[in-house]
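# Could you look at this predicted model? Sequence included:
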Amino acid sequence: MPEISLFDAIHAQRAIRRFKPDPVPQAVIERVLNAAIRAPSGSNNQPWSFVIVKDKETKKRIAEWYLGVWENVYTKQAGRASGQVASSAEYLSYHLAETPVLIFPCYRGETGKLSPSQAGSIYPAAQNIMLAALALGLGTVITTFHLHHEEKVKALLGIPDDVQTACLIPMGYPAEGEHFGGSRRKPIQELTHYDHWGQMSPA
């Protein structure tokens with residue numbers, strides 16, 4: 001897949017949860033991570049680290065915890081996604097161990113919910129990962145199910161006490177039938193307010 005422009009990548013991005021078993025070359029992973037570290041961060045602190053998981057047994061253990069959250073927590077929540085999104089999320093829950101690469105963007109900070117400043121310094125890096133991956137023909141999705149077992153995941157991966165995982169990004173080449181683009185979005189006219197709330201058109 002030839003590399004594409006930034007705006008093409010933005011408009012083509014969508015959650016991909018079904019992957020081919022093909023391995024992702026190390027050089028490609030490093031290109032994706034080099035895009036991640038170009039993201040902005042508060043005071044240019046660059047608080048991030050990235051744990052890349054390709055080991056089959058490690059992925060299998062994480063997948064067991066992840067599936068447990070799907071079966072025992074998510075499926076019991078009111079207002080959860082349905083239809084195609086739910087089917088795709090369910091597939092990932094049962095096949096996470098088969099995903100070629102699991103990326104854990106991490107940040108230094110106290111245990112618990114991310115503060116706005118912490119979120120603002122790690123999630124742009126996660127978005128860069130996803131856009132760079134798409135530009136290289138790789139599918140991704142951002143998920144946080146593993147946070148229900150954060151301490152177990154950290155212990156398994158040897159992550160220090162003062163480092164937290166912000167999210168999990170499964171990454172691989174899209175399986176047959178998966179495609180980029182086409183995700184539904186509300187028109188900007190319904191979402192944009194000019195100068196004050198409720199003014200839906202520019203003066």
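Great, that's in hand.

# Please make it C-alpha for all contacts and neighbour counts, starting now.
Noted.

# What ranges does the chain have for its strands?
In the chain, the strands defined using DSSP state E lie at 48-53, 101-108, 139-140, 163-165, 169-172.

# Tell me which of the ones you listed is the most buried.
Most buried of these by mean neighbour count (mean count of other CA atoms under 10 Å) is strand 139-140; its value is a mean of 28.

# low-confidence ranges in the protein?
Judged by pLDDT under 70, the chain has its weakly predicted residues at 1-2, 78-79, 81-82, 110-112.

# Show me the residue at the heart of it, geometrically.
Nearest to the geometric centre of the chain sits I142, at 2.1 Å (CA atoms, centre = their mean).

# Now stretch 70-87: buried residues?
By neighbour count with 16 or more other CA atoms under 10 Å, stretch 70-87 contains the buried residues W70.

# Ok, stretch 38-51 next?
Buried positions in stretch 38-51, judged by neighbour count with 16+ other CA under 10 Å: A39, P40, S41, Q46, P47, W48, S49.

# related to what we said a few turns ago, mind checking how far the closest residue to the residue nearest to the centre of the chain other than its chain neighbours is from T192?
Spatially, and ignoring its direct neighbours in sequence, I142 is nearest to I169 (4.8 Å; CA to CA, 6 or more residues apart in numbering). Applying CA to CA, to the nearest Å, the value for I169 to T192 is 29 Å.

# do V69 as well
Using CA to CA, we find V69 at a distance of 36 Å from T192.

# One more: S93?
According to CA to CA, S93 and T192 sit 35 Å apart.

# Neighbour count: those two, which is higher?
The neighbour comparison of S93 against T192 (other CA atoms under 10 Å) goes to S93, with 21 against 15.

# Skipping its backbone neighbours, what lies nearest that one in space?
Using CA to CA, 6+ apart, the closest residue to S93 is L67 (5.1 Å).

# so that neighbour touches A89, yeah?
No: with contact defined as CA atoms under 8 Å, L67 does not reach A89; the gap is 10.5 Å.

# Chain neighbours aside, what residue packs nearest to K59?
K59 sits nearest to A97 (CA to CA, 6+ apart), 4.9 Å away.

# Is there a neighbour count for that neighbour? I'd like the number.
Applying other CA under 10 Å, we find 23 residues neighbouring A97.

# Identify the residues contacting it.
A97 makes contacts with K56, K59, K60, I62, A63, as judged by CA atoms under 8 Å, 6 or more residues apart in numbering.

# For K60, see how far away it is.
Look at A97 and K60: by CA to CA, they are 5 Å apart.

# And for stretch 178-185, what's in contact with it?
So stretch 178-185 is contacted by H11, A12, Q13, R14, I16, R18 (CA under 8 Å, 6+ apart).

# ok, now with 6 Å
With CA atoms under 6 Å, 6 or more residues apart in numbering as the contact definition, stretch 178-185 has outside contacts at A12, Q13.

# Name the residues of that stretch that are buried.
Buried positions in stretch 178-185, judged by neighbour count with 16+ other CA under 10 Å: F180.

# gap between that stretch and the chain center?
Relative to its parent chain, stretch 178-185 has a centroid offset of 16 Å by CA atoms, centre = their mean, to the nearest Å.
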